[in-house]
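> the amino acid sequence is not available; the structure is as follows:
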């Protein structure tokens, strides 16, 4: 039995949706750390435009990190889950292809801050690093 082809994800507003890939190499995190940044109440966003030879220029790449200052493993994982969900919801439509983004959790706040406020902060942070 063959499956019917599924349509690519689309933005309800009719905009373009891009594919998001997860960063895994330390070197990519370090390059993002030397680039643009925007601080929000719950996290910090770092962003850099990749060189065309670095990776597929049509991809948006994102990484997540939380230091031990955020708390124990349970607290860090909770914070990273929330950051991943924010990136999943906002970056396909708000991010730019050919860019790397790193979301850095903050102690206590990332795991407890209002989710709606974090979404709003993400959109504002993207506007700041791209503006």
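Yep, that arrived. All values reported here derive from a predicted model rather than from experimental measurement.

> all contacts plus neighbour counts: C-alpha atoms, from now on.
Will do.

> sec struct for the residue most central in space within the chain, please.
Centroid-nearest residue in the chain, with Cα atoms, centre = their mean: residue 87, separated by 4.0 Å. Assigned by DSSP: H, G, I helix; E, B strand; the rest coil, the conformation of residue 87 is helix.

> all further residue positions should be reported with the first residue as 10.
Okay, using 10 as the starting number, the last item reads as residue 96.

> which secondary structure state does the closest residue to it other than its chain neighbours sit in?
Closest residue to residue 96 apart from its sequence neighbours, by Cα to Cα, 6 or more residues apart in numbering: residue 71 at 7.7 Å. Under three-state DSSP, residue 71 falls in the strand class.

> for residue 71, give the beta-bridge partners.
Beta-bridge pairing of residue 71 under DSSP bridges involves residue 31, residue 110.

> show me the contacts for it.
When contacts are counted by Cα atoms under 8 Å, 6 or more residues apart in numbering, residue 71 touches 29, 30, 31, 32, 96, 109, 110, 111, 112.

> and which of those is nearest residue 62?
Of all those, residue 62 sits closest to residue 109, with 13.5 Å by Cα to Cα.

> ok, now how distant is that closest one from residue 82?
25 Å (Cα to Cα, to the nearest Å).

> residue 88 now?
Distance, residue 88 to residue 82, using Cα to Cα: 10 Å.

> need the contact list for the closest residue to residue 48 other than its chain neighbours.
Excluding the flanking residues, the one nearest residue 48 by Cα to Cα, 6+ apart is residue 54, at 6.2 Å. Contacts for residue 54 (Cα under 8 Å, 6+ apart) come out as 46, 47, 48, 110, 111, 112, 113, 134.

> cool, and residue 45?
When contacts are counted by Cα under 8 Å, 6+ apart, residue 45 touches 55, 56, 57, 138.

> I'd like the mean pLDDT over stretch 97-114, please.
Summarised as a single mean, pLDDT over stretch 97-114 is 93.

> mind listing what's buried in it?
100-114 (16 or more other Cα atoms under 10 Å).

> name the nearest of the contacts of residue 54 relative to residue 77.
residue 113 (11.8 Å).
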